[in-house]
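[1] What follows is a protein structure lacking sequence information:
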């Protein structure tokens, strides 16, 4: 008997790629944009994962700096933030509307680009341009591309930057990560053309998940061995947390020398359910009120392999060190679960 009730997720659609997706970006009408680590393609997919178009737009990884893809809420513009420039294109990828060039980012660093909720501004970070010059947050007018404001940040070529939309149009969460060293969340406020940046020390070493549909709280995964934490919004007060030991409770269905743990990924599915992605590749559903696991999602076609201490597949129970599924990443887009697999497949599962 399984440790948790199993919920079968039938496969809605799938598409096989020859390269691993880097960014999966939702755009209107249930469509998505995708770019890849080792190919210069940008691909637009419909809500059935059918290819609408593919274009060579130089959106690949260079010198371990991932090109980060983003799009405006109305889908009329997209941005590709790469190692040494940020390009804004029309929504069909046919015309470059604006380019910002800058010093190359160092290995594993870089910045995403962010289109504001009201469609009026575009946000991104450029690295320091000379010795002693810190990274700089810039805000552009989304129509003229004029620079509206800048803000000098603390680091110089130390962080990878990502932006997260909040329920308030004038507030953005900026996530800064320095590999295994640190992960921080900061609050950007945009008011009458001025930038205010507020540190959120209560969110140190928390990795951003998403907001609940109500917009009253957001969930984070731990950067290290800490708990999953829920914060209120806009107060940013810790309102609930659950340890990894309590989540997995010994991983009874997956006996191993190494216990299962969180894999940096956690999402609100709705106001009552939270989804966690584990190191073993499991998808566990937590009840929001109790923070107790009440189900495990079982997507069609997902398989698990047990490994011994030397990383070799094994079926001998007392030699199992850990497990791994064929899922590499997951995200929730357009009320659907999207998963990339080790076979190079993008899978779509409908969430009830």
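    Okay, I see it. Bear in mind that the values here come from a model prediction, so they are computed numbers and not experimental data.

[2] what's near enough to touch residue 257?
    309, 320, 321, 322 (C-beta atoms under 8 Å, 6 or more residues apart in numbering). The way it works is simple: take the backbone N, C-alpha and C, and place the C-beta from them, glycine included.

[3] Same list, those residues, but as TSV with distance to residue 210, secondary structure and pLDDT please.
    Shown next, in TSV, are those (distance: C-beta to C-beta, whole Å; DSSP: H, G, I helix; E, B strand; the rest coil; pLDDT from 0 to 100):
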residue	distance to residue 210	secondary structure	pLDDT
309	36	coil	94
320	33	coil	95
321	32	coil	95
322	27	strand	94
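
[4] can you map out the strands along the stretch 151-300 of the chain?
    For the stretch 151-300 of the chain, applying DSSP state E, counting those that start in this stretch gives strands covering 160-165, 171-177, 183-191, 194-199, 206-211, 217-222, 228-232, 238-242, 262-268, 273-278, 283-287, 293-299.

[5] and those strands as TSV, adding mean neighbour count and distance to residue 101?
    What follows is the strands of the stretch 151-300 of the chain, written out as TSV (neighbours: other C-beta atoms under 10 Å; distance: least, C-beta to C-beta, whole Å):
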stretch	mean neighbour count	distance to residue 101
strand 160-165	20	17
strand 171-177	21	22
strand 183-191	19	24
strand 194-199	13	22
strand 206-211	20	29
strand 217-222	22	34
strand 228-232	20	37
strand 238-242	16	41
strand 262-268	19	32
strand 273-278	22	36
strand 283-287	20	41
strand 293-299	17	42
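
[6] Out of those, flag the one nearest residue 47.
    Each of the strands of the stretch 151-300 of the chain has some distance to residue 47 by C-beta to C-beta; the shortest is strand 293-299, at 18.0 Å.

[7] on contacts alone, who are the packing partners of the next helix or strand along the chain from the closest one?
    Moving toward the C-terminus from strand 293-299, the next helix or strand (DSSP states H and E) is strand 304-307. Using 3 or more C-beta pairs under 8 Å, 6 or more residues apart in numbering; DSSP states H and E, the elements in contact with strand 304-307 are strand 322-325.

[8] mind listing what the strand it packs on pairs with, with the direction of each?
    If you go by DSSP bridges, strand 322-325 pairs up with strand 304-307 (antiparallel).

[9] Show me the contact partners of the partner strand.
    Outside strand 304-307, the residues touching it (C-beta under 8 Å, 6+ apart) are 254, 256, 280-281, 313-315, 320-325.

[10] Mark which of the residues you listed are buried, thanks.
    The neighbour count (16 or more other C-beta atoms under 10 Å) marks 254, 256, 280, 281, 314, 320, 322, 323, 324, 325 as buried among those.

[11] From the rest of the structure, what touches stretch 289-299?
    2-9, 11, 228, 240-242, 246-247, 249, 253, 272, 274-275, 282-287, 327, 337, 339, 347, 349.

[12] next one: that stretch to chain centre, how far?
    Between the centre of stretch 289-299 and the centre of its chain there are 21 Å (C-alpha atoms, centre = their mean, to the nearest Å).

[13] residue contacts, residue 53?
    Contacts of residue 53 (C-beta under 8 Å, 6+ apart): 43, 44, 92, 93.

[14] Would you list the buried entries among those?
    For the contacts of residue 53, buried by 16+ other C-beta under 10 Å: 43, 44, 93.

[15] If we only consider those, which is nearest to residue 57?
    Closest approach to residue 57 among the buried ones among the contacts of residue 53 (C-beta to C-beta): residue 93, at 5.6 Å.

[16] Now do the same contact list for that closest one.
    42, 44, 53, 55, 57, 78.

[17] what about 6 Å?
    42, 55, 57 (C-beta atoms under 6 Å, 6 or more residues apart in numbering).

[18] So which elements touch the helix or strand containing the first one?
    This means residue 42. In the assignment (DSSP H and E), residue 42 maps to strand 41-45. Applying 3 or more C-beta pairs under 6 Å, 6 or more residues apart in numbering; DSSP states H and E, we find strand 41-45 packed against strand 31-36, strand 51-56.

[19] Residue ranges of each domain in this protein, please.
    Domain ranges of the chain: 1-18+208-351, 57-204, per the TED database.

[20] For my notes, please list these in JSON lines and give distance to residue 24 for each entry.
    Below are the domains of the chain laid out as JSON lines (distance: least, C-beta to C-beta, whole Å):
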{"stretch": "domain 1-18+208-351", "distance to residue 24": "6"}
{"stretch": "domain 57-204", "distance to residue 24": "9"}
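
[21] So which of those domains is nearest residue 28?
    domain 57-204 (4.7 Å).

[22] Just checking the distance from that closest one to the centre of its chain.
    For domain 57-204, the distance to the chain centre is 14 Å (C-alpha atoms, centre = their mean).

[23] Can you give me the neighbour number for residue 166?
    Residues lying near residue 166 (other C-beta atoms under 10 Å) number 18.
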